[in-house]
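Enquirer: What would the 3D arrangement of this be:
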Amino acid sequence: MFNSAGGVKEIYYSNNGELNLDTNKVTPNGGLTDQFAKSMKMKSNLLPEIDLTDSELKVETSANTGADPMTSLHMLNWMECIRSRKEPNAPVEAGYDHSVANIMVTAALRTKKFVTFDKIKQEVLADGKVFQY
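Expert: Alright, predicted model coming up:
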């Protein structure tokens, strides 16, 4: 996402912490701490800090496509999996879920209404009606 503060940022949060693709780090930042977990009768499960730049996977490209390094790594992984028939780092369902989330954000911004997703019909609903772009 981006705003007037400048630059494009891609940060994913869960109750375990964050994946920051701007800094290429995984941290427990924003995760469910012991204090709040206990009040919900849960256990905290915070992520360890990991620096993704320590990865041995390097980007190889013969042309400057203008893509950021993470996109290049994603495409490299995908192409290697096509050649080797191995599973990619992320399953197709992850891409699908990401797309649904983006469509829901678009629906909320355009309609200014409460948005939900019907998993059975696979439809994005804005105020109970199917969202159409």
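
Enquirer: Now do the buried residues in the longest helix along the chain.
Expert: When the chain is scanned for its longest helix (criterion: DSSP state H), the result is helix 92-111. Buried residues in helix 92-111, counted by 16 or more other CB atoms under 10 Å: 103, 104, 107. C-betas here are computed from N, CA, C, even on glycine.

Enquirer: Report the separation between the nearest residue to the second one once chain neighbours are set aside and residue 122.
Expert: Right, the one you point to is residue 104. Nearest non-adjacent residue to residue 104, counting by CB to CB, 6 or more residues apart in numbering: residue 115, 4.9 Å away. Distance from residue 115 to residue 122, counting by CB to CB, to the nearest Å: 14 Å.

Enquirer: So for those two, which sits in the more crowded spot?
Expert: Higher neighbour count among residue 115 and residue 122: residue 115, with 19 against 9, using other CB atoms under 10 Å.

Enquirer: just checking, that one touches residue 124?
Expert: Yes: if you go by CB atoms under 8 Å, residue 115 and residue 124 touch, sitting 6.4 Å apart.

Enquirer: Now do the same for residue 83: helix, strand or coil?
Expert: Following DSSP: H, G, I helix; E, B strand; the rest coil, we place residue 83 in the helix state.

Enquirer: circling back to that earlier point, residues contacting the residue nearest to residue 104?
Expert: 104, 107, 108, 124, 125, 126, 127, 131 (CB atoms under 8 Å, 6 or more residues apart in numbering).
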